[in-house]
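Participant: Quick check, what structure comes out for this input:
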Amino acid sequence: MRNKLGLFLMALGALLLIGAVGLLAYNRWDNWRAGQSVADIQDALEEEEEETVGDNFPTANSSDEMGTIEIDGYEYIGTLSIPSYGLELPVMAEWSYPGLKIAPGRYSGSVWTDDLIICGHNYERHFGNLKYLEASDEITFTDVSGNVFNYQVEEIIILQPTDVEEMVSQESEQWNLTLFTCTIGGQTRVTVRCSRTE
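Facilitator: Numbers count the residues shown, from 1 in each chain. You can find the predicted model right below:
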C-alpha cells in the first residue's frame with residue numbers, strides 16, 4: 001500500500017513540475033510574441049505615418065479627438081517612447097483585453113486635453129518595467145500626425161484594482177500623462193504620473 005501511495009505522489013509531483021515548466025514556457029513565449037507584435041506594428045505604423053503626415057490629420061486640435069491609423073484591424077493613435085529602458089510602443093486608440101496582448105491602449109483622455117491615460121500589459125517588452133522608472137525620466141508620445149509631446153515622470157504609485165476613480169478622478173487631472181499596468185498576479189496597479197515638459 002505504501003509503495004502505491006509513494007508512486008502516486010511521485011507521479012503527481014512529476015505532473016505538477018511538468019505543468020509549472022509548461023506554464024513558464026508559455027509565459028516566456030507570450031512575452032516574446034508580444035514583443036514581436038510590437039516590432040511589426042511599429043514598423044507598419046512608421047510607414048503609415050510617413051504616408052499620411054500632412055494629409056488627413058490635424059497638427060493642432062482643441063478637442064480630445066486624436067487622429068488614428070488602422071493596422072491589421074486595430075486603430076492606433078501614435079507611439080510611446082521611454083528612452084530610459086529603450087522602449088518604443090505603438091498605442092491603440094482604445095484599450096481592450098485582447099488588444100493588450102498586442103500593444104498598450106488608450107484608457108481615457110487625449111494629448112490635446114493633457115489628460116491621456118494609457119494602460120498596458122505587464123509583459124517585459126510592454127509595461128513590465130514601469131516600476132523601475134524614476135522621477136525626472138523622460139517619456140515621449142508622438143501622435144500619428146507627427147506631433148511630439150514630451151513628458152517627465154513625476155511619481156510612481158501603486159493603486160488597487162478597484163481604485164478606478166483615483167486613476168481618472170479630478171485629482172489626477174494635474175497629470176498630463178498617466179501610464180499603468182498590473183503587477184505580477186494582478187493584485188495591484190503600477191501607476192506612473194507624468195507632466196508635460198514643453
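
Participant: So which residue is smack in the middle of this protein?
Facilitator: G120 (2.4 Å; Cα atoms, centre = their mean).

Participant: so that residue touches H126, yeah?
Facilitator: Yes: contact status for G120 versus H126: in contact at 4.6 Å, counting by Cβ atoms under 8 Å. In short, each C-beta sits where N, CA and C put it, glycine included.

Participant: intersection of neighbour lists for these two?
Facilitator: Counting by Cβ atoms under 8 Å, 6 or more residues apart in numbering, the common neighbours of G120 and H126 are 89, 100, 103-104, 181.

Participant: Could you list which of those belong to strands?
Facilitator: 89, 181 (DSSP state E).

Participant: By neighbours, which of the shared contacts of G120 and H126 wins?
Facilitator: A103 (26 neighbours; other Cβ atoms under 10 Å).

Participant: dump the residue contacts of that one.
Facilitator: Counting by Cβ under 8 Å, 6+ apart, A103 has contacts 37-38, 41, 74, 76, 89-92, 120, 126.

Participant: Report the separation between it and Q42.
Facilitator: Here the criterion is Cβ to Cβ, to the nearest Å. By it, A103 lies 9 Å from Q42.

Participant: what is in contact with the two at once?
Facilitator: What both A103 and Q42 touch, as defined by Cβ under 8 Å, 6+ apart, is the set 89-90.

Participant: want to throw the contacts of A103 into TSV with secondary structure?
Facilitator: Output for those, formatted as TSV (DSSP: H, G, I helix; E, B strand; the rest coil):
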residue	secondary structure
S37	helix
V38	helix
I41	helix
Y74	strand
Y76	strand
L89	strand
P90	strand
V91	strand
M92	strand
G120	coil
H126	coil
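
Participant: min pLDDT across the residues you listed, which one?
Facilitator: Across the set of these, V38 stands lowest in pLDDT, at 68.

Participant: how close does G120 sit to R106?
Facilitator: For G120, the distance to R106 - Cβ to Cβ - is 11 Å.

Participant: actually V21, not the one I typed
Facilitator: With Cβ to Cβ as the criterion, V21 and R106 are 37 Å apart.

Participant: So these two - more neighbours on which side?
Facilitator: More crowded of V21 and R106, by other Cβ under 10 Å: R106, with 22 against 10.

Participant: Using CSV, write out the CA atom coordinates for the helix or strand where that one lies.
Facilitator: Applying DSSP states H and E as the criterion places R106 in strand 105-108. C-alpha atoms of strand 105-108 as CSV (Å, rounded to 0.1, in the frame of the first residue of the first chain):
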residue,chain,number,x,y,z
GLY,A,105,-4.1,51.2,-25.4
ARG,A,106,-5.7,54.5,-24.5
TYR,A,107,-7.7,54.1,-21.3
SER,A,108,-9.1,57.6,-21.5
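
Participant: Show residues contacting that strand.
Facilitator: Identification of contacts with strand 105-108 by Cβ under 8 Å, 6+ apart yields 66, 77, 91-96, 99, 115-120, 167-168, 180.
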